[in-house]
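Novice: pasting the sequence and the predicted model now:
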Amino acid sequence: MRPLKEITRLSDKPTHATAGWKPLYLSLLVIAALLSLPTACKHKSQAETELERAVQTAPKLPDPEPPLAKIPVTQEIAVGRFFQFLDKIVQQYDSLDSYPLSENLLLRANPWILDTLVNTDYYYQMSLGNFVYDQKKMRVLKPGDTLLIPGPKTAALLLEKMENTRLDINIPAFELRILEGDSLLFTAPVRVGKKQKKYLEAAGHPVDLRTRTGMGEIIRVNRFPIFIDPVTGDRFKYTKRDDHRTTLMPQIPWLEPAINGIRYGQMIHPTTNPRSLGKPASNGCIGVSEADAWRLYYFAPLGTKVTVRYDLQEINAQGDTLRYEDIYQLRRTVKSPKAIAVAGVWLKNTAGVCVCDTMF
């Protein structure tokens, strides 16, 4: 048996478990000291300093406003029932809002719907291998979709955007532009009126078919157009496409502007023959593709400002000077473009009738 004194000495020796505590403690003290150094001692690049200052001074964005209501779609809605479906929603929720709810405001609050409408274009569907005989049966909304009724702040912002949206058409450029203020939103090719006179049964006399110029606004949106041949006055339901196939006429809204305060019947409408775009090929109306007609319906409600001009020279955004063919030969005359004779025909008591081109 060991002496008591020796046992005490052995117990005073550091054990394996406690042998490394001093180096660890010293390391922790060093780390703490480094962390406690003033931040000014840390070197920062100029870019880091400017970024930090920008973050501190930048205004905080407000939280997104929640929608006033969410409307679940419970059944399939095709093109043929789409406008009635919108009307029902507007009627139901307009009295509950602090702002005037319209179908265009509803669409602006749900922009994804525009893509669905644009995709009903016959030629887009043909590019996917789908022949569409009756566009009115194509689906726009499906069960599981949700429409949002915007809150008052969101609605005010959207209404301001709508108020600042305008259409600009340059006849010799065969181009229509959708602008919001000075910002270009979209550009579309168009066809315009032919340089000729033709007897139109709807008018009862020969009519100058050149597209009239001037300034005005959209005064009517015809969501359910009835198609009348202006030459014969006959109604028709079918159209022959560029691929020589025949289909029913599509249901796409037509826009009617009043130009220079006069209602001429000079429509902005879709053509089922896009090969005619970029040409003087209509009876005076401004024709666009089916897809672009849906974009116009989305962006250009009642009251949208419209300018139709005849500028043979423009400067584009890149600073290039663009020159166009004088398709109406106005340089050879002293006529102002505003003196061009009536391009379309307006029939009284036929608010649902679109009298325009035989070739849609």
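Specialist: Structure received. Numbering: from 1, shown residues only.
Novice: chain center to stretch 235-249: distance?
Specialist: Per CA atoms, centre = their mean, to the nearest Å, the displacement of stretch 235-249 from the mean C-alpha position of its chain is 27 Å.
Novice: please save the CA atoms from that stretch in PDB.
Specialist: Output of stretch 235-249 as PDB, limited to C-alpha atoms (Å, rounded to 0.1, in the frame of the first residue of the first chain):
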ATOM      1  CA  ARG A 235     -73.900  38.800 -93.800                       C
ATOM      2  CA  PHE A 236     -71.300  35.900 -93.600                       C
ATOM      3  CA  LYS A 237     -70.100  33.500 -90.900                       C
ATOM      4  CA  TYR A 238     -67.100  31.800 -92.500                       C
ATOM      5  CA  THR A 239     -63.700  32.800 -93.600                       C
ATOM      6  CA  LYS A 240     -61.100  31.300 -95.900                       C
ATOM      7  CA  ARG A 241     -57.600  31.300 -94.300                       C
ATOM      8  CA  ASP A 242     -54.200  31.800 -95.800                       C
ATOM      9  CA  ASP A 243     -53.700  28.100 -95.800                       C
ATOM     10  CA  HIS A 244     -56.900  27.700 -97.900                       C
ATOM     11  CA  ARG A 245     -58.900  26.100 -95.100                       C
ATOM     12  CA  THR A 246     -62.300  27.400 -94.100                       C
ATOM     13  CA  THR A 247     -63.300  28.100 -90.500                       C
ATOM     14  CA  LEU A 248     -66.000  29.900 -88.700                       C
ATOM     15  CA  MET A 249     -65.300  33.600 -88.000                       C
END
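Novice: what lies in contact with it?
Specialist: 122-123, 126, 131-136, 226-229, 272-275, 360 (CB atoms under 8 Å, 6 or more residues apart in numbering). Where C-beta positions appear, they are placed from N, C-alpha and C, glycine not excepted.
Novice: got the contact list for the helix or strand R166 falls within?
Specialist: Using DSSP states H and E, R166 sits within strand 165-170. Contacts with strand 165-170, where a contact means CB under 8 Å, 6+ apart, come from 175-180, 185, 190, 218, 257, 268, 286, 296, 299-300, 304-311, 314, 324.
Novice: report the distance from it to the chain centre.
Specialist: Averaged C-alpha coordinates place strand 165-170 at 14 Å from its chain's average position (CA atoms, centre = their mean).
Novice: can you offset everything so residue one is 264?
Specialist: Let's use 264 as the start, then, which means that last one is strand 428-433.
Novice: helices and strands around the following helix or strand past that strand, which ones?
Specialist: Next along the chain after strand 428-433, taking DSSP H and E as the criterion, comes strand 438-443. For strand 438-443, the packing partners by 3 or more CB pairs under 8 Å, 6 or more residues apart in numbering; DSSP states H and E come out as strand 428-433, strand 446-452, helix 553-562.
Novice: poorly predicted segments of the stretch 414-563 of the chain, please.
Specialist: For the stretch 414-563 of the chain, the stretches flagged by pLDDT under 70 are 465-466.
Novice: of the contacts of strand 428-433, just the buried ones, PyMOL syntax please.
Specialist: Per 16 or more other CB atoms under 10 Å, the buried members of these correspond to this PyMOL selection:
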select buried, resi 438+439+440+441+442+443+453+481+520+531+549+559+562+563+567+568+569+570+571+572+573+587
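Novice: got the angle between the strand ranked longest in the chain and helix 553-562?
Specialist: Counting by DSSP state E, the longest strand found in the chain is strand 477-485. Following axes from the mean of the first three to the mean of the last three CA atoms, to 10 degrees, one obtains 100 degrees for the angle between strand 477-485 and helix 553-562.
Novice: list the buried ones in the helix or strand that strand 477-485 is followed by?
Specialist: Moving toward the C-terminus from strand 477-485, the next helix or strand (DSSP H and E) is strand 489-491. Neighbour counts using 16+ other CB under 10 Å place 490-491 of strand 489-491 among the buried residues.
Novice: quick one: strand 489-491 to chain centroid distance?
Specialist: With CA atoms, centre = their mean, you get 27 Å for strand 489-491.
Novice: what's stretch 345-363 in contact with?
Specialist: Outside stretch 345-363, the residues that reach it (CB under 8 Å, 6+ apart) are 331-332, 334, 340, 364-366, 368-370, 403-404, 410, 412, 415, 418-419, 422, 486-487.
Novice: could you list the alpha-carbon positions for it in CSV?
Specialist: The C-alpha coordinates for stretch 345-363 follow below in CSV (Å, rounded to 0.1, in the frame of the first residue of the first chain):
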residue,chain,number,x,y,z
PHE,A,345,-65.9,34.4,-71.7
PHE,A,346,-67.4,37.9,-71.9
GLN,A,347,-70.6,36.9,-70.1
PHE,A,348,-68.4,35.4,-67.3
LEU,A,349,-66.6,38.7,-66.9
ASP,A,350,-69.8,40.7,-66.9
LYS,A,351,-71.2,38.5,-64.1
ILE,A,352,-68.1,39.1,-61.9
VAL,A,353,-68.1,42.9,-62.6
GLN,A,354,-71.8,43.1,-61.7
GLN,A,355,-71.4,41.1,-58.5
TYR,A,356,-68.3,42.9,-57.2
ASP,A,357,-68.7,46.5,-58.5
SER,A,358,-70.9,47.6,-55.7
LEU,A,359,-68.6,46.2,-53.1
ASP,A,360,-65.5,48.1,-54.3
SER,A,361,-64.5,51.7,-53.6
TYR,A,362,-63.6,52.1,-57.2
PRO,A,363,-65.4,51.4,-60.5
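Novice: pull out the buried residues from it.
Specialist: By 16+ other CB under 10 Å, the buried positions in stretch 345-363 come out as 345, 348-349, 352-353, 360, 362.
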